[in-house]
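J.: model the structure of this input:
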Amino acid sequence: MVKEKIRQFGSEDFRRTVSQLSFVNARKFNGEWRWGIDLEKIDQAEIQNKLATFPEDDVQHWKNLLKKLLRESTPAEPPQRVQEEPAAYKAAAPAEVPANSFDAFIQKIADQQHDNPTVYTVIGDIINGYTCKDGSFLFTMLDHHNDRQTIDLFLPVKLLGKENTLDLWNNMRVKVSGKACFNSFHANIKLNAYSIERLDVCSRQKEQEEYKKVCKPYRRSLQEQWNFTIDNITDVGLITGGSETSPIQGASDFIKRLNKNLKDPQHLHIEYVKMSDIEEIMSALDRLNAAKTCQVIAIVRGGGSPEALACYSNPQLVKAIYESPIPVITGIGHNTDDLLCKQAARYNGQTPTGAADFINRQYCLQYSRQRDRYQAKTEYRRIAANATKDDLLAENDALITELQFVRQENQLLQQKIDELKHRSLISRIFNLG
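T.: As a prediction, the model looks like this:
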């Protein structure tokens, strides 16, 4: 029976629980725990069950210490005498290493990284922060909204001080120093911060502010978008992601919601592109404009992270949407996503289904508008054929009077709106006080 001793670490609750493990002989000395470990009786299942609620770093450190003791207690194999063979008989390829299970491979990488004392300093953006049970913060760290290359950033409570709110750190560009390790639970790199400094807002937000200045000439007002209508819709162009056999979810939602007469393959002209590549999107837009077969073009994709949607604020794409000869409507992301391409579109449907609903309304309303125009022409012909000059003058005076009455009502309504706004402002002031 081999026994080894380990000194205390972790919180008081953690140390107490470790002391109660079946293979640990614990005693206190000068206020500190001393743990005697029976290496032959180590039970990994017991460790996993009893320490599951404690911080991952403490549990992993405990496991690594046990593995280190096991390695050190294993006697080294005596050197073997090897007969050197002539060069002509030597194997050309190295001996094959036995394959590890996937879990064993991940754990092996983590063990190799755990004792690395190097302190790294890196500059990047931190996003998607959340608070751990002990009050520390965990963020995703990346650079220039490239969410294909990320690491986890851990900020301990002692490093935060009084600045302990996520809002102060989320979506910021920072300079951080710390020790890197391999997180075996998520199979990724984790940086445990020793120091951190805020530099600016994250590169995505900074880039968005720059793009807003460049794209100001291509911005349509909300009133202009609300008033937009389409006449004589027979064909619809669609730019979306995926493929004909496997479209993205946003494309499926759009097509499913679209009026059955418009989703017919003869009337729905789909361009499947890589939706993260604005060059492909602009090329598809050029092809649909050149074909001149549709009366409206919809660009749709479902929701995603702010980093994944950042490309839809690119000035080149915004300009192409704004200047498209065939009107473009957008249905990208969710209502809360602030994307510049939405402001350049003739109408912003917010989501793929919202874009389809708008086209459906326009498709149905075009028949109502045609009927109203026909009825207006018929009524005009009837009046022109039967009415005298005095009748027409009287009708004109009546219409002028009705217009004045409507204007007065509009002014009264506007006054009520202003009064309600004033009351709301006063209410907020008193509530703040």
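
J.: for Ser22, give me the backbone phi and psi.
T.: Phi and psi for Ser22, reported as degrees, to the nearest 10, are phi -60, psi -30.

J.: surely it meets Ile47?
T.: No - Ser22 sits out of contact with Ile47 when judged by Cβ atoms under 8 Å, with a separation of 10.2 Å. Just so you know, the C-beta spots here come from the backbone N, C-alpha and C atoms, and that holds for glycine as well.

J.: show me which of those two is the more surrounded one.
T.: In this view Ser22 and Ile47 are compared by other Cβ atoms under 10 Å, and Ile47 has more residues nearby, 17 against 10.

J.: so who does that one touch?
T.: Residues in contact with Ile47 (Cβ atoms under 8 Å, 6 or more residues apart in numbering) are 21, 59, 62-63.

J.: distance of it from Lys67?
T.: From Ile47 across to Lys67, the span is 11 Å (Cβ to Cβ, to the nearest Å).

J.: swap in Cys364?
T.: 69 Å.

J.: more crowded one of the two?
T.: Of the pair Cys364 and Lys67, Lys67 is the one with more neighbours under other Cβ under 10 Å, namely 14 against 11.

J.: got the CA coordinates for stretch 357-369 in CSV?
T.: Only the C-alpha atoms of stretch 357-369 are listed here, as CSV (Å, rounded to 0.1, in the frame of the first residue of the first chain):
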residue,chain,number,x,y,z
ASP,A,357,-45.6,38.1,-44.9
PHE,A,358,-44.9,41.5,-46.5
ILE,A,359,-44.8,40.0,-50.0
ASN,A,360,-48.0,38.1,-49.3
ARG,A,361,-49.8,41.3,-48.3
GLN,A,362,-48.6,43.1,-51.4
TYR,A,363,-49.6,40.2,-53.6
CYS,A,364,-53.2,40.3,-52.1
LEU,A,365,-53.4,44.1,-52.0
GLN,A,366,-52.6,44.5,-55.7
TYR,A,367,-56.0,43.1,-56.5
SER,A,368,-57.7,45.5,-54.1
ARG,A,369,-55.8,48.4,-55.6
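
J.: residues of it that come out buried?
T.: The neighbour-count check on stretch 357-369 (16 or more other Cβ atoms under 10 Å) flags 357-360, 362-363, 366 as buried.

J.: quick one: which of these sit in helices?
T.: The members of the buried residues of stretch 357-369 that map onto helices under DSSP state H are 357-360, 362-363, 366.

J.: show me where the stretch 151-300 of the chain dips below the pLDDT cut-off.
T.: For the stretch 151-300 of the chain, the stretches flagged by pLDDT under 70 are 162-163, 184-186.

J.: if you set the cut-off to 90 instead, what comes out?
T.: The model of the stretch 151-300 of the chain has pLDDT under 90 over residues 151-152, 154-172, 176-198, 200-208, 222-223, 225-234, 242-250, 257-265, 276.

J.: does Lys263 touch Ile255 like I think?
T.: Yes - using Cβ under 8 Å, Lys263 is in contact with Ile255, at 5.6 Å.

J.: neighbour count for these two, which is higher?
T.: Taking other Cβ under 10 Å, Lys263 and Ile255 do not tie; Ile255 has more neighbours (19 against 16).

J.: tell me which helix or strand comes right after whichever strand or helix holds the more buried one.
T.: Using DSSP states H and E, Ile255 maps to helix 249-257. Reading on from helix 249-257 to the C-terminus, the next helix or strand found by DSSP H and E is strand 268-273.

J.: so that next one versus helix 249-257, what angle?
T.: Going by axes from the mean of the first three to the mean of the last three Cα atoms, to 10 degrees, strand 268-273 is angled at 180 degrees with respect to helix 249-257.

J.: ok, residues contacting strand 268-273?
T.: By Cβ under 8 Å, 6+ apart, the residues outside strand 268-273 that reach it are 235-244, 247, 251, 255, 258, 262, 280-281, 283-284, 287-288, 291, 293-294.

J.: that one: how far from the chain's middle?
T.: Relative to the chain's own centre, strand 268-273 is displaced by 25 Å; criterion: Cα atoms, centre = their mean, to the nearest Å.

J.: in its sheet, what does it sit against?
T.: Neighbouring strands of strand 268-273 in its sheet, by DSSP bridges, are strand 236-241 (parallel).

J.: show me what the strand it pairs with is in contact with.
T.: 247-248, 250-251, 254-255, 258, 262, 267-275, 281, 284-285, 288, 293-301, 326, 359.

J.: need phi/psi at the residue nearest to Phe139 when sequence neighbours are not counted.
T.: What sits nearest to Phe139 in space, not counting adjacent residues and going by Cβ to Cβ, 6 or more residues apart in numbering, is Ile126, at 4.0 Å. Ile126 has phi and psi values of phi -120, psi 130 when expressed as degrees, to the nearest 10.

J.: from what I can see Ile126 touches Leu168, true?
T.: No - applying Cβ under 8 Å, one finds Ile126 not in contact with Leu168, separated by 11.0 Å.

J.: what residue lies at the spatial centre of the protein?
T.: Ser305 (0.7 Å; Cα atoms, centre = their mean).

J.: number of nearby residues for the residue lying closest to that one once chain neighbours are set aside?
T.: Distances taken as Cβ to Cβ, 6+ apart place Asp147 nearest to Ser305, at 6.2 Å, with adjacent residues excluded. Applying other Cβ under 10 Å, we find 15 residues neighbouring Asp147.

J.: which ones are touching Asp147?
T.: 305, 307-308.

J.: so which of the residues you listed belong to helices?
T.: Reading helices off those with DSSP H, I get 307-308.

J.: for Ile230, helix, strand, or coil?
T.: Three-state call for Ile230 (DSSP: H, G, I helix; E, B strand; the rest coil): coil.

J.: so how far is Thr131 from the closest residue to Arg257 other than its chain neighbours?
T.: Setting aside the residues directly before and after it, Arg257 is nearest to Ala356 in space (Cβ to Cβ, 6+ apart), at 3.8 Å. According to Cβ to Cβ, Ala356 and Thr131 sit 39 Å apart.
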